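S.K.: Kindly return the folded structure for what I paste below:
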Amino acid sequence: MTEPTPPAVATASTRDRLLDAAAQLFYEEGVHVGVDTLCRAAGVSKRSMYKLFDSKDELVAASLERSAPDFELDLLPAADDCRSPRARILHVFERLEYLERDHEFRGCPFVAAAIQVKSSEHPASRVARRQKDKLTAFFRYEAERGGASDPALLARQLTLVFDGASAQSVIQAKDLDGLAVTTASTLVDAAGVSSSEAPADSRLA
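M.R.: Alright, predicted model coming up:
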């Protein structure tokens, strides 16, 4: 006789469907997509959704958390990538421009969500801030390794360029044509970041 599916497994499956549908719909159409539309796309009932999430706000935040690892994987160099700090920083902007050429690209999902929900205390805004802080920390770590004159300032500038380039691409609906990379290069070079290759055992902090 076939064993019944344990409740925990069924709940996880429902949660996964909701988060997958939410991540796609919120990115493509915005976080104000209605609960009815979201539940239809996920193939779950509203009752099931509210058993898993106390509110739609919580679901928005959870969907951002779910998409964060893939977004980081798309952008950041691997930990065992031993190129120079300069090359590792510029890798992020090269990847941004590569992704931006995809017609499905709609900018940084974290910036988009934070702008739409508006409140800095919204759960989604807190997730977005954490992700932006992580990107800035990556830039600062590489800037410090590369001997930048002011690593903290450079990191903030690079994050600003990243977010601005993402928004520009969406607003203008055309390719950046290398502008993000050249702008980041100018900042990195002005800060004196090394172009020498990193030691073979170098790792991200």
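
S.K.: tell me the helices in the protein, going along the chain?
M.R.: Shown for the chain, the helices assigned by DSSP state H span residues 7-29, 35-42, 46-52, 56-75, 85-100, 109-117, 123-145, 151-172, 179-190.

S.K.: To Ser196, which of these lies closest?
M.R.: helix 85-100 (8.5 Å; CB to CB). Backbone N, C-alpha and C define where each C-beta goes, glycine included.

S.K.: Turn the helices of the chain into TSV, including mean neighbour count and mean pLDDT.
M.R.: TSV is the format used below for these (neighbours: other CB atoms under 10 Å; pLDDT from 0 to 100):
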stretch	mean neighbour count	mean pLDDT
helix 7-29	16	80
helix 35-42	16	94
helix 46-52	15	93
helix 56-75	18	93
helix 85-100	21	95
helix 109-117	20	92
helix 123-145	20	97
helix 151-172	18	94
helix 179-190	18	97
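
S.K.: Save these as JSON lines, and put in distance to Ser196 too.
M.R.: Conversion of the helices of the chain to JSON lines gives the following (distance: least, CB to CB, whole Å):
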{"stretch": "helix 7-29", "distance to Ser196": "38"}
{"stretch": "helix 35-42", "distance to Ser196": "49"}
{"stretch": "helix 46-52", "distance to Ser196": "50"}
{"stretch": "helix 56-75", "distance to Ser196": "23"}
{"stretch": "helix 85-100", "distance to Ser196": "8"}
{"stretch": "helix 109-117", "distance to Ser196": "32"}
{"stretch": "helix 123-145", "distance to Ser196": "10"}
{"stretch": "helix 151-172", "distance to Ser196": "16"}
{"stretch": "helix 179-190", "distance to Ser196": "13"}
